[in-house]
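**Student:** got a predicted model here, sequence first, then my questions.
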Amino acid sequence: MNKPLTYGLLLSIFMVIAPHADHLPLWVSSMCAGLLLWRAYLAYSGKPLPRRWLLMPITFAGTGGIVINFHTLFGREVGVALLMMLAALKLMELRQARDAMVLVYLACFIIITNFFYSQSIPTALYLLATLMVVVTVWVHLQVQSITLKPRLRIAAVLLLQALPLTLILFILFPRVQGPLWGLPQDAYASSGLDDKMSPGSLSRLSLSEAVAFRVTYNDKPPRRDQMYWRGPVLWYFDGRTWTPGITTLTDAPKFTEVSQPIDYSVTLEPHNKPWLFALDVPDKLSVPAKLTYDFQMLNKEPVHARLRYSAHSNLVYHANLQEATRQLQRALQLPRQSNPRAQQLAAEWRANSKDDAAIVNTALAYFNKQGFVYTLEPPPLGVNTVDDFLFTTKQGFCEYYASAFVFLMRAANIPARVVTGYLGGEFNDVGNYYIVRQSDAHAWAEVWLAGQGWVRVDPTAAIAPDRVQRDLSAALSDNAALPFMERNPPQWMRNLRFNLDALANQWNQWVLGYDTERQFAFLTRLGMESVTWQKMAINMMSGLGMVIVLFALFMLRHLFTRQLDKVQAAWLKLCRKLEKAGLPRAAHEGAQDYAARVAAARPELGDAIHDLVARYTALRYGMLNDEHAQREFLQRARALKI
């Protein structure tokens, strides 16, 4: 195996496995890097490849390490790790063209696995460049007599020729709901908001700049203090962590006196949980979803892929004015003998207040006037988390305030619950939509008041009103802990970020989000009426056939009318001159045989004709690709006197 081909295969395997180094164990990446460096050294030094008795223990050790690390041989992570290791090991037995072909096909397959982790524009561009390298190596494997530049040109032409077929298949191939094949469970990594809340959980999430979802409003957007995106509702408290708890209640919620309706569209990033996010309080969604008794929208299955849906909400409402007694009792649960000082404080408020609404206002005033600080880096809490927060540290993020507020309400015999989700969003004026990031994660409370039903109360607003009215950065006295772009970056950086996000949004909507609904709408706009699977299949096959026929006609035309290169043209011109002199070349006669016959008939031309034929065969059929040699041949052919 020649060195250039070996180096090309090394580069191909390196490029396809490099992106996986970010999410696989370090030892797997290190092992693959070591094997690649070893193979590069062997190619450079010309030393022989290792024997099988050495490679077999390495293979078994690597496989055993993967089994020990993942505790299985099945799953996405395991499959990718095995592919990386086996591709690197295959390079160590690269002896024949068949081995090189296997590596090329293996590289093409590993390219696909990168889309398990990212389908962004940078990933697609990088993998397109990788595919270009792999195809160039494949061309080298087929035609080793040409240099790098012609190989790159051939590879580019092959990829461009595949583009029309790709577009036809993308536009017309029927979209199937769900994946074409079942993915293992570990293919879906959990991300974003969880269904439990403990001190520090949301503050850690607020350090992430990852996009949770994007929102486009049909009309005028609501005020920022109305942008409460409802997520999991938490009922049960064990003294430190809030969870949904267990309930058998399936009654549908009841809303009265609804007003301020608003319509909008949400493009939700995959978070691998069943809940969907909507403005408080939703009543319609364009996808099959269930509105639970606590006003949460749940999808039929976890959101494993980007999901786009339209929604209708009412920003003003009264909810469950006649709540079930068992549900109100559930909203009063507290752990026994927990946080005694907080319970005593709530009992004092109950004794000194005329009604539940007065207790709510007293709690908000307490947060506002007792020296509490809104921060992302609060000190740790002890066993009695609420007591420590209320009377000792007085520092916390939104989950601290929501947890303590609901605890105080329940201790004062007011039904209350914690609601988690997102607050606000960043307006992108380039794309005219709002970006809701993980850093917008928020927690608030709901209390049940007689005659009003469930009422939203955000205790964070009492201590940091800018968090509700503006953004997280404005609410923090020290925002150094936030990511750089979540602070106040220069305007040109914000503009660049918005432009890139708008581009990514279009990619998500029309490439990654090209689902059945968008496909039917797009084909209808193209004039295809009454779109059905049968019509789409017929049009797809017709389009593919038309492209193939056009390519075939072009290739045949090129075959019969191809432009001859300068060397061949000069040779044919010389043959015509000899034919006029009475020495025609027979159809079956090769250049050297023809030269021998001409030299026998015209001895005075013998040396010149043999020299020209030697130059011609070297340029036309040999490895000679020298412009100086080509010019010399053309000059001698023109100068020959017959």
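**Tutor:** Sure thing, it's come through. Numbering: from 1, shown residues only.

**Student:** CA atoms for contacts and neighbours, from now on please.
**Tutor:** Noted.

**Student:** can you give me the buried ones in stretch 4-21?
**Tutor:** 5-6, 8-17, 19-21 (16 or more other Cα atoms under 10 Å).

**Student:** please flag which of the residues you listed sit within helices.
**Tutor:** Taking DSSP state H, the ones among the buried residues of stretch 4-21 that sit in helices are 5-6, 8-17.

**Student:** so which of these is the closest to D611?
**Tutor:** Taking Cα to Cα as the measure, L5 is the one of these closest to D611, at 34.4 Å.

**Student:** was I right to think the closest one contacts V143?
**Tutor:** No. L5 lies out of contact with V143 (Cα atoms under 8 Å); the separation is 11.0 Å.

**Student:** isn't I168 right up against M540?
**Tutor:** Yes. Between I168 and M540 there is a contact under Cα under 8 Å: 6.6 Å.

**Student:** comparing those two, which residue is more hemmed in?
**Tutor:** M540 (20 against 17; other Cα atoms under 10 Å).

**Student:** who's in contact with that one?
**Tutor:** 168-169, 172-173 (Cα atoms under 8 Å, 6 or more residues apart in numbering).

**Student:** mind doing that once more with 6 Å?
**Tutor:** L172 (Cα atoms under 6 Å, 6 or more residues apart in numbering).

**Student:** give me the three-state assignment for G582.
**Tutor:** coil (DSSP: H, G, I helix; E, B strand; the rest coil).

**Student:** check it and give its pLDDT.
**Tutor:** As summarised for this prediction, G582 has a pLDDT of 89.

**Student:** now it: phi and psi?
**Tutor:** phi 90, psi 20 (degrees, to the nearest 10).

**Student:** neighbours around it, how many?
**Tutor:** Count around G582 with other Cα under 10 Å applied: 11.

**Student:** ditto for G64
**Tutor:** 13.

**Student:** just M493 next, same as before
**Tutor:** Neighbours around M493, by other Cα under 10 Å: 12.

**Student:** state the mean pLDDT of the helix or strand hosting it.
**Tutor:** Element membership for M493 (DSSP states H and E) is helix 491-507. The predicted model assigns helix 491-507 a mean pLDDT of 86.

**Student:** and it, what's buried?
**Tutor:** 498-499, 501-502, 505, 507.

**Student:** could you dump those residues to a markdown table with distance to L298?
**Tutor:** What follows is the buried residues of helix 491-507, written out as a markdown table (distance: Cα to Cα, whole Å):
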| residue | distance to L298 |
| --- | --- |
| F498 | 30 |
| N499 | 32 |
| D501 | 27 |
| A502 | 28 |
| N505 | 24 |
| W507 | 26 |
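
**Student:** of these, closest to L94?
**Tutor:** Out of these, the member with the shortest distance to L94 (by Cα to Cα) is W507, at 39.5 Å.

**Student:** state the pLDDT value of the closest residue in space to W454 that isn't next to it in sequence.
**Tutor:** Nearest residue to W454 in three dimensions, chain neighbours excluded: W448, at 4.4 Å (Cα to Cα, 6 or more residues apart in numbering). W448 carries a pLDDT value of 93.

**Student:** now stretch 77-88: buried residues?
**Tutor:** For stretch 77-88, using 16+ other Cα under 10 Å, the buried residues are 77-78, 80-88.

**Student:** got JSON lines for those, with pLDDT too?
**Tutor:** Formatted as JSON lines, those follow (pLDDT from 0 to 100):
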{"residue": "E77", "pLDDT": "87"}
{"residue": "V78", "pLDDT": "90"}
{"residue": "V80", "pLDDT": "90"}
{"residue": "A81", "pLDDT": "92"}
{"residue": "L82", "pLDDT": "92"}
{"residue": "L83", "pLDDT": "91"}
{"residue": "M84", "pLDDT": "92"}
{"residue": "M85", "pLDDT": "93"}
{"residue": "L86", "pLDDT": "91"}
{"residue": "A87", "pLDDT": "92"}
{"residue": "A88", "pLDDT": "92"}
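
**Student:** can you give me the neighbour number for V102?
**Tutor:** 14.

**Student:** and for I112?
**Tutor:** 11.

**Student:** for the helix or strand hosting it, give me every contacting residue.
**Tutor:** Element membership for I112, per DSSP H and E: helix 97-113. Helix 97-113 has contacts (Cα under 6 Å, 6+ apart) with V16.

**Student:** for that helix, list the C-alpha coordinates in CSV.
**Tutor:** Taking Å, rounded to 0.1, in the frame of the first residue of the first chain, the C-alpha atoms of helix 97-113 are listed here in CSV:
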residue,chain,number,x,y,z
ALA,A,97,-6.9,-2.7,-1.8
ARG,A,98,-9.8,-4.6,-0.3
ASP,A,99,-8.7,-3.4,3.2
ALA,A,100,-8.6,0.2,2.0
MET,A,101,-12.1,-0.2,0.5
VAL,A,102,-13.5,-1.5,3.8
LEU,A,103,-12.0,1.5,5.6
VAL,A,104,-13.6,3.9,3.1
TYR,A,105,-17.0,2.4,3.6
LEU,A,106,-16.5,2.3,7.4
ALA,A,107,-15.6,6.0,7.3
CYS,A,108,-18.8,6.8,5.4
PHE,A,109,-20.8,4.9,8.1
ILE,A,110,-19.1,6.6,11.0
ILE,A,111,-19.9,10.0,9.4
ILE,A,112,-23.6,9.2,9.9
THR,A,113,-23.1,8.4,13.6
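
**Student:** that helix: which residues count as buried?
**Tutor:** Result for helix 97-113 [16+ other Cα under 10 Å]: buried residues 100-101, 103-104, 106-108, 110-111, 113.
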